[in-house]
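A.B. asks: Quick one: sequence plus predicted model below, questions after.
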Amino acid sequence: MAATSRQASSVSPDAPVPVIVAIDGPSGTGKSSTSRAVAAKLGLSYLDTGAQYRAITWWMLTHGIDVDDAAAVAAAADRPEILSGTDPADPTITVDGTDASGPIRTQEVTAAVSAVSAVPEVRARITELQRAIAAGAPTGIVVEGRDIGTTVLPDADLKVFLTASPEARAARRGGELKGNGEQGVDLEATREALLRRDAADSTRKTSPLKKADDAVEVDTTELTLEQVVECVVTLVEEKQQAR
Ligand SMILES: Nc1ncnc2c1ncn2[C@@H]1O[C@H](COP(=O)(O)OP(=O)(O)OP(=O)(O)O)[C@@H](O)[C@H]1O
Ligand SMILES: Nc1ccn([C@@H]2O[C@H](COP(=O)(O)O)[C@@H](O)[C@H]2O)c(=O)n1
């Protein structure tokens, strides 16, 4: 896959070879924040694949599809048009031409997304979009999600698997919710919700959340976001120098 990306996006024989970075991990480990910052620092595109699964879930919910009916979800999987903007300074997501960046972050979507993303027809559709976006990224791309290193871009130049303790993840998510004006955030309930989503995402049959054998695992529990970003930037630069 990465080889196809390089051929498709090379503009001249002297142009730098695009670099493909896959960042996976459970919820709240810092994938989005890290990936955006790394992409911005290195002049790469950025793709939030969770946003795509959230977008198709939002479309199902707003079109009256029962998200627990896998056959109904599968039958509708091709219907929404999902477009992702990959500028790390301003990532966007639209569904049928409508900005979906707000609605995809609601609790209703978060509660339904694991069921929708477990449907093989949904994964096939979204994986195809992801590969096309990666292939078209002129300088390369940082793609973050759950199955990027294992399934979507198995030939990525660098694979990183971020982890953090459930307590650290709940505290981070809780801080984010408070920052968004939510009152009375319950950290224990937040922790349980994260772990429930991880369990669903890790145990589905098709393309579960999993560390690729050749991924570098980074435990972010005791690291600041800046330290994680620096660590990943260094890993990318080492790969580029080794070429
Ligand atoms: N190393 C870190 N230290 C402290 N806070 C962090 C760190 N990394 C990320 N955060 C904060 O944790 C929260 C969750 O981060 P982020 O959304 O990047 O995680 P994620 O892995 O993409 O989550 P999800 O999979 O649920 O989308 C954000 O508020 C972010 O600012
Ligand atoms: N590669 C991926 C990315 C995400 N998912 C599913 O989407 C959910 C939301 O992801 P966030 O990163 O926005 O929290 C996630 O819980 C998975 O169900 C996926 O399956 N594969």
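C.D. replies: Alright, I've got the coordinates. Ligands and ions are numbered 1, 2, ... in the order given.

A.B. asks: how close does residue 44 sit to ligand 1?
C.D. replies: Between residue 44 and ligand 1 the computed distance is 17 Å (CB to the nearest ligand atom, to the nearest Å). (Glycine included, C-beta is placed from N, CA and C.)

A.B. asks: For burial, what's the neighbour tally of that residue?
C.D. replies: 24 (other CB atoms under 10 Å).

A.B. asks: Wait, it touches residue 138, no?
C.D. replies: No: look at residue 44 against residue 138 with CB atoms under 8 Å: they stay out of range, at 9.4 Å.

A.B. asks: For the chain, list the residues in contact with ligand 2, please.
C.D. replies: Taking CB under 6 Å from any ligand atom as the contact definition, the chain meets ligand 2 at 27, 49-50, 53-54, 113-114, 117, 145-148, 197, 201.

A.B. asks: go with 8 Å
C.D. replies: 24, 27-28, 31-32, 48-54, 57, 104, 110, 113-114, 116-118, 123, 126, 130, 144-148, 152, 197-198, 200-201, 204, 207, 209 (CB under 8 Å from any ligand atom).

A.B. asks: most centrally placed residue in this protein?
C.D. replies: By CA atoms, centre = their mean, the chain has its centre lying nearest to residue 145, at 2.8 Å.

A.B. asks: Return the residues in contact with that residue.
C.D. replies: 23-24, 31, 48-50, 130, 152 (CB atoms under 8 Å, 6 or more residues apart in numbering).

A.B. asks: Quick check on it: phi, psi?
C.D. replies: Note on residue 145: its backbone torsions stand at phi 180, psi -140 [degrees, to the nearest 10].

A.B. asks: Likewise for residue 217?
C.D. replies: The phi/psi pair for residue 217 (degrees, to the nearest 10) reads phi -90, psi 130.

A.B. asks: That one contacts residue 211, doesn't it?
C.D. replies: Yes: shown here, residue 217 and residue 211 form a contact pair, counting by CB under 8 Å, at 6.3 Å.

A.B. asks: Common neighbours of these two, please.
C.D. replies: Any residue near both residue 217 and residue 211 by CB under 8 Å, 6+ apart counts here, and that gives residue 161.

A.B. asks: the more surrounded of these two?
C.D. replies: Taking other CB under 10 Å, residue 217 and residue 211 do not tie; residue 211 has more neighbours (17 against 11).

A.B. asks: So that one, which state does it fall into?
C.D. replies: Secondary structure, DSSP: H, G, I helix; E, B strand; the rest coil: residue 211 is coil.

A.B. asks: what's the distance between it and residue 227?
C.D. replies: Distance from residue 211 to residue 227, counting by CB to CB, to the nearest Å: 20 Å.

A.B. asks: again, but for residue 156
C.D. replies: Look at residue 156 and residue 227: by CB to CB, they are 22 Å apart.

A.B. asks: now swap in residue 72 and tell me
C.D. replies: Taking CB to CB as the measure, residue 72 falls 45 Å from residue 227.

A.B. asks: So for these two, which residue has more residues nearby?
C.D. replies: Neighbour count, other CB under 10 Å: between residue 72 and residue 227, residue 72 has more, with 15 against 12.

A.B. asks: ok, that one touching residue 65?
C.D. replies: Yes: between residue 72 and residue 65 there is a contact under CB under 8 Å: 5.3 Å.

A.B. asks: Return the set of buried residues in stretch 74-91.
C.D. replies: Using 16 or more other CB atoms under 10 Å as the test for burial, stretch 74-91 gives 76-77, 80, 82, 84, 86, 88, 91.

A.B. asks: what mean pLDDT does that stretch have?
C.D. replies: Per-residue pLDDT values over stretch 74-91 give a mean of 98.

A.B. asks: Same question for stretch 207-217.
C.D. replies: The predicted model gives stretch 207-217 an average pLDDT of 98.

A.B. asks: Pull the residues that contact that stretch.
C.D. replies: With contacts defined as CB under 8 Å, 6+ apart, stretch 207-217 is touched by 22, 24-26, 123, 127, 146-147, 149-151, 154, 158-163, 198, 201-202, 235.
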